[in-house]
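Participant: Have a look; sequence and predicted model below, questions after that.
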Amino acid sequence: MASFSVEDFIGNGELKGLLPKMLEEGWDDVPTLKIMNSEDMDSINMTQQQKAALELRSYLHDRALLQYGDKLEASGKLLPELLNLSIADLSSQFGMKRGHIARFIDRNSACADPLPAAYNLRPMRMATTTSRNNSILRSGLSSNNSRKMLSMSRIATRDSSMNDQSLEQALSELRIKDGHIVKGIVAAEPAERRACGCVQAPTIVEDVSPYPAIENISVQKLTPEYKIGMGRLVKTTPPMKASELWRDKPAVLLCIRRPGCIMCRAEAHKLYAKKPIFDALGIQLIAILHEQIESEVRDFWPRYWGGVVLFDQTMGFFKALGGGKLLKDKFITGFVFNPRAIANYKRAKAMGIEQNFKGEGEIKGGLFVVGSGRSGIAYQFIERNFGDWAPLPEVVEICTRLQNPQEAQGASMSTGI
């Protein structure tokens with residue numbers, strides 16, 4: 001899987017000399033670099049060779065083939081020329097493996113966002129408690145956010161035949177169908193029959209977690225948001241209350257079951273690849289771990305996740321996902337006898353992700369979308385089966401509604417006040 005380290009992304013080619021300028025101009029993470037348009041490139045005086053290198057490396061990053069970046073760039077050929085080479089030439093000239101060649105020449109394939117065609121989730125019951133302030137959507141889209149959205153839309157209109165998609169188009173593609181209930185619900189994949197029905201799937205809660213269950217959780221920051229030139233050091237900061245995280249800005253909290261797990265890494269990578277969309281919506285992306293193994297954090301960040309990583313020593317967020325207790329499953333019954341978990345594994349494996357088996361892997365994870373201040377939990381997804389991913393259309397829709405009151409008038413979030 002392609003790394004979110006900018007240094008890994010640009011390699012040793014034409015873009016390396018631009019690092020200081022890119023940092024100065026704010027092009028300091030991979031998802032944002034990939035949506036540069038011709039005007040942005042001209043503003044930092046990119047040469048034609050550097051523009052071609054950016055196009056090539058963006059294409060390779062989408063297909064988890066960055067390991068060939070330096071060799072392909074050194075050939076002096078443009079991306080369209082490379083795509084027209086024969087299988088024999090790609091293998092002999094660049095040492096490309098046959099499976100990688102298939103991924104390289106498939107112009108419609110991208111490993112970054114393998115969403116299933118049909119991902120129907122069953123909406124659960126709304127929480128009975130509501131906030132003092134009945135709506136999470138207290139005001140219209142602020143002028144600052146409006147300007148940011150326009151700016152990101154401009155940036156996202158990339159001058160490339162291989163990637164001609166604006167942020168608005170990306171948002172429209174991620175929208176869910178009208179009438180789907182997404183406000184203040186618990187969502188999860190359906191339970192599969194295990195061992196011909198002899199093994200029952202763990203039960204999950206049907207109410208969104210009350211806000212008091214998460215606001216006072218003590219967390220420690222292990223990594224900051226990744227930027228160019230940042231040392232890959234894991235530094236544990238003093239504990240802080242979780243509510244400080246979203247005091248001024250909504251947040252998506254991805255609760256990682258195990259950072260070395262192939263399926264957890266795949267979900268994290270898929271979500272962080274959409275960082276420009278969440279930036280435009282004014283949403284933070286934060287990963288939460290329930291155990292601290294420094295080598296595992298180093299392997300996970302920034303390769304699979306370039307955002308902030310937190311340590312939840314008391315497992316408060318993981319308990320909140322399970323209604324006050326940890327949601328756990330055994331390897332044999334939860335994976336070997338579970339067709340959906342096996343399908344999830346194959347989906348992640350197809351993305352070219354490495355894995356290990358360090359750490360505790362039976363505690364289920366999930367995802368929260370939390371509004372700013374004390375407005376509460378807007379959305380909660382539970383990893384019922386190993387490797388279940390919160391569907392991006394729903395997550396983006398919720399985050400959009402946090403900014404747009406017309407989308408969800410009368411909806412409320414659970415604060416349990």
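Facilitator: Okay, I see it. This is a predicted model, so every value here is computed, not measured.
Participant: What is the helix or strand where Phe368 lies packed up against?
Facilitator: Assigned by DSSP states H and E, Phe368 belongs to strand 366-370. Using 3 or more C-beta pairs under 8 Å, 6 or more residues apart in numbering; DSSP states H and E as the contact definition, the elements that strand 366-370 packs against are strand 251-256, helix 316-321, strand 377-382, helix 392-403. Backbone N, C-alpha and C define where each C-beta goes, glycine included.
Participant: right, and those - which one's nearest Val309?
Facilitator: Each of these was scored for nearness to Val309 using C-beta to C-beta, and the closest is strand 251-256 (8.5 Å).
Participant: elements contacting that closest one?
Facilitator: Applying 3+ C-beta pairs under 8 Å, 6+ apart, one finds that strand 251-256 contacts helix 262-272, strand 284-289, helix 316-321, strand 366-370.
Participant: Identify, out of those, the most deeply packed stretch.
Facilitator: Each of the helices and strands packed on strand 251-256 was given a mean neighbour count from mean count of other C-beta atoms under 10 Å, and the largest, a mean of 26, is that of strand 366-370.
Participant: quick one: it to strand 377-382, angle?
Facilitator: For strand 366-370 against strand 377-382, the angle between stretch directions is 180 degrees (axes from the mean of the first three to the mean of the last three C-alpha atoms, to 10 degrees).
Participant: now what about strand 366-370, what contacts it?
Facilitator: By C-beta atoms under 8 Å, 6 or more residues apart in numbering, the surrounding residues in contact with strand 366-370 are 209, 214, 245-246, 250-255, 283, 317, 320-321, 376-383, 390, 395, 398-399, 402.
Participant: In CSV, could you pull the C-alpha coordinates for that strand?
Facilitator: What follows is strand 366-370, C-alpha atoms only, in CSV (Å, rounded to 0.1, in the frame of the first residue of the first chain):
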residue,chain,number,x,y,z
GLY,A,366,-15.4,1.3,14.9
LEU,A,367,-15.9,5.0,14.1
PHE,A,368,-17.5,8.1,15.7
VAL,A,369,-18.4,11.4,14.1
VAL,A,370,-18.6,14.0,16.9
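Participant: now for the helices and strands packed on strand 251-256, which one comes closest to Val336?
Facilitator: Proximity of these to Val336 was assessed by C-beta to C-beta; the nearest stretch is helix 262-272, lying at 14.5 Å.
Participant: just checking, what packs against the following helix or strand past the closest one?
Facilitator: Remark: after helix 262-272, the chain's next helix or strand is helix 275-281, criterion DSSP H and E. Using 3+ C-beta pairs under 8 Å, 6+ apart as the contact criterion, the neighbours of helix 275-281 among helices and strands are helix 30-33, helix 143-156, helix 167-174, strand 284-289, helix 392-403.
Participant: Check the average confidence over the first one, would you?
Facilitator: Taken as a whole, helix 30-33 has an average pLDDT of 91.
Participant: pLDDT score assigned to Leu18?
Facilitator: Leu18 is assigned a predicted lDDT (pLDDT) of 91.
Participant: how many neighbours does it have?
Facilitator: Residues contacting Leu18 under the criterion other C-beta atoms under 10 Å number 20.
Participant: Also Gly324?
Facilitator: Considering only other C-beta under 10 Å, Gly324 is surrounded by 11 other residues.
Participant: now swap in Arg98 and tell me
Facilitator: Residues near Arg98, counting by other C-beta under 10 Å, number 9.
Participant: ok, it - contacts?
Facilitator: When contacts are counted by C-beta under 8 Å, 6+ apart, Arg98 is found next to 87, 91.
Participant: Could you check how far it is from Arg265?
Facilitator: Here the distance between Arg98 and Arg265 works out to 24 Å (C-beta to C-beta, to the nearest Å).
Participant: next one: Gly13
Facilitator: Here the criterion is C-beta to C-beta. By it, Gly13 lies 26 Å from Arg265.
Participant: what kind of secondary structure is Leu222 in?
Facilitator: strand (DSSP: H, G, I helix; E, B strand; the rest coil).
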